[in-house]
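Fold the following, please.
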Amino acid sequence: MPNDGPVVALAGGVGGAKLAYGLYQLLGDRLTVVVNTGDDFEHWGLTICPDLDTVTYNLAGINNLEQGWGLADESYRALEQVTRYGGESWFRLGDRDLGTHLVRTQTLKSGATLTEVTFRLKTEVGIRASILPMSDQPVRTLVHTDEGVLAFQDYFVRRRCEPRLIRLEFAGIGAARPSPAVMSALNDAAAVVLCPSNPYLSLDPILHLPGMADKLRGLHAPVVAVSPIVGGLALKGPAAKIMAELGVEVSPVAVARHLTGQIRLDGFVLDQTDAASASDVAALQGVTPLVTDTIMGDHASKMRLAQNVLQFAAALAQTTAAA
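Got it, this is the predicted structure:
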């Protein structure tokens, strides 16, 4: 592992949360997960933070494994009653999940920052790692489609990603900044891992924060990314559809190229299915490829990939130190 030092992971939703879980099992309190908040929105008068909650529930081991999001053993009595009253029911909030949003909203209204609220929530469910929102200022992902501009959750959940994507906008990004806690974690990091999250919807909001790309480029710690594309498909979510609609080849190489256009990337992990693409990744300036099994279907596979990523980062750090 990277000098037995702290590791920072950048993550979005389900795919990112799986690797974050594996990293947490190995690193414990040496892990910091910086989470996309571009998906956050207001619903039923509550502040909903889907990616933060997905990461929190996964690390706490209380998530719904079948869905990949939400809580295990969830009920939906409140949603049933809202539906009976004719209220909005397109976004399925479970009863216990509702408790998270109630406490978050109440605490934010009392004057706490999102970082402070997230610390409280993750601590109460027994997580030793740090979970940080990417910023305490609101950033909202807007999807420009052939049917007009849609708020992210309207596009992702209500419309099931059916409209054709034209471009993405991160409203508020110019006024937002990485939180002091995020910058401090990066200062101390022995390695940075970009989890296999959607590069456009989940990682770009983090990387586009003013100062974030420069910070990552200036780190001495190795920066490693894991491809969310395997065999021309996204294992979870609309990444492949979005890439195709943007006119981008649906491949690990395209993901690596997209990331290297923004930050310094030292290592890129791709699945053994895409082993033939390793040479194309290696052709990107400064990027070393690692081919391994990246499919995370159970506890053991999450642990295995996390171990491989950490060993890869440690090897890259040693190579850099010896140069």
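
Which stretches in the stretch 101-250 of the chain count as helices?
114-124, 152-153, 180-188, 204-207, 212-217, 239-245 (DSSP state H, counting those that start in this stretch).

what mean pLDDT does the first one have?
If you average the pLDDT over helix 114-124, you get 99.

residues of it that come out buried?
Neighbour-count burial for helix 114-124, counted by 16 or more other Cβ atoms under 10 Å, picks out 114-115, 117-119, 121-122. (C-beta placed from N, C-alpha, C; glycine too.)

what does the helix or strand harbouring residue 319 rub up against?
Here residue 319 sits within helix 299-322, counting by DSSP states H and E. For helix 299-322, contacts defined as Cβ atoms under 8 Å, 6 or more residues apart in numbering pick out 1-3, 7, 18-19, 21-23, 25-27, 190-191, 193, 220-222, 224, 226, 266-267, 269, 288, 290, 292-296.

In strands, which of those residues appear?
Mapping those onto strands (DSSP state E) picks out 7, 191, 193, 224, 226, 267, 269, 288, 290, 292.

mind checking how far the third one is from residue 12?
By that I understand residue 193. Noted for residue 193: a distance of 13 Å to residue 12, by Cβ to Cβ, to the nearest Å.

what do you get for residue 73?
Residue 73 is 25 Å from residue 12, by Cβ to Cβ.

Show the contacting residues for residue 135.
Residue 135 is in contact with 37, 114, 176-179, 182, 209, counting by Cβ under 8 Å, 6+ apart.

One more: residue 104?
Residues 46-47, 49, 117, 121 are the ones in contact with residue 104 under the rule Cβ under 8 Å, 6+ apart.

Also residue 75?
94-96.

Where does it sit: helix, strand or coil?
Using DSSP: H, G, I helix; E, B strand; the rest coil, the structure places residue 75 in coil.

next one: residue 82
Assignment for residue 82 (three-state DSSP): helix.

so it makes contact with residue 92?
No. At 10.6 Å, residue 82 does not count as touching residue 92 under the criterion of Cβ atoms under 8 Å.

can you give me the offset of stretch 292-304 from its chain's centre?
17 Å (Cα atoms, centre = their mean, to the nearest Å).

Give me the distance between the two termini of that stretch.
End-to-end distance for stretch 292-304, by Cα to Cα, to the nearest Å: 10 Å.

repeat for stretch 230-247
The first and last residues of stretch 230-247 sit 18 Å apart, counting by Cα to Cα.

Give the buried residues for it.
Buried-residue list, stretch 230-247, by 16+ other Cβ under 10 Å: 230, 234-240, 242-243, 245.

and what of stretch 181-195?
Residues 181-182, 185-186, 189-195 are the ones in stretch 181-195 that count as buried (16+ other Cβ under 10 Å).

Tell me, how many residues neighbour residue 149?
For residue 149, the count of nearby residues is 14 (other Cβ atoms under 10 Å).

how close does it get to residue 67?
On the measure of Cβ to Cβ, residue 149 and residue 67 end up 28 Å apart.

Show the model's pLDDT score for the nearest residue to residue 220 once chain neighbours are set aside.
Counting by Cβ to Cβ, 6 or more residues apart in numbering, residue 220 lies nearest to residue 320, which is 7.6 Å off, once chain neighbours are set aside. In this model, residue 320 is scored at 72, pLDDT.

before we move on, back to that, can you list the helices of the stretch 101-250 of the chain in JSON lines and add distance to residue 136?
Below are these laid out as JSON lines (distance: least, Cβ to Cβ, whole Å):
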{"stretch": "helix 114-124", "distance to residue 136": "5"}
{"stretch": "helix 152-153", "distance to residue 136": "19"}
{"stretch": "helix 180-188", "distance to residue 136": "9"}
{"stretch": "helix 204-207", "distance to residue 136": "14"}
{"stretch": "helix 212-217", "distance to residue 136": "14"}
{"stretch": "helix 239-245", "distance to residue 136": "27"}
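
Which one, of those helices, ends up nearest to residue 131?
Across the helices of the stretch 101-250 of the chain, residue 131 has its closest neighbour in helix 114-124 (4.7 Å, Cβ to Cβ).

What angle do helix 180-188 and the closest one make with each other?
70 degrees (axes from the mean of the first three to the mean of the last three Cα atoms, to 10 degrees).

Now for the residue nearest to residue 220, how many residues are close by?
12.

what does residue 101 give?
Neighbours of residue 101 (other Cβ under 10 Å): 18.

And for the nearest residue to it once chain neighbours are set aside, the neighbour number?
Using Cβ to Cβ, 6+ apart and skipping residues adjacent in sequence, the residue nearest residue 101 is residue 46, 4.2 Å away. Neighbour count for residue 46, taken as other Cβ under 10 Å: 17.

Is residue 46 in contact with residue 106, as I believe?
No. Using Cβ under 8 Å, residue 46 makes no contact with residue 106, being 9.3 Å away.

Give me the distance between residue 155 and residue 207.
20 Å.

Looking at the two, which one has more neighbours?
residue 155 (24 against 19).

Look up how far residue 244 lies from the more buried one.
Taking Cβ to Cβ, one finds residue 155 at 16 Å from residue 244.
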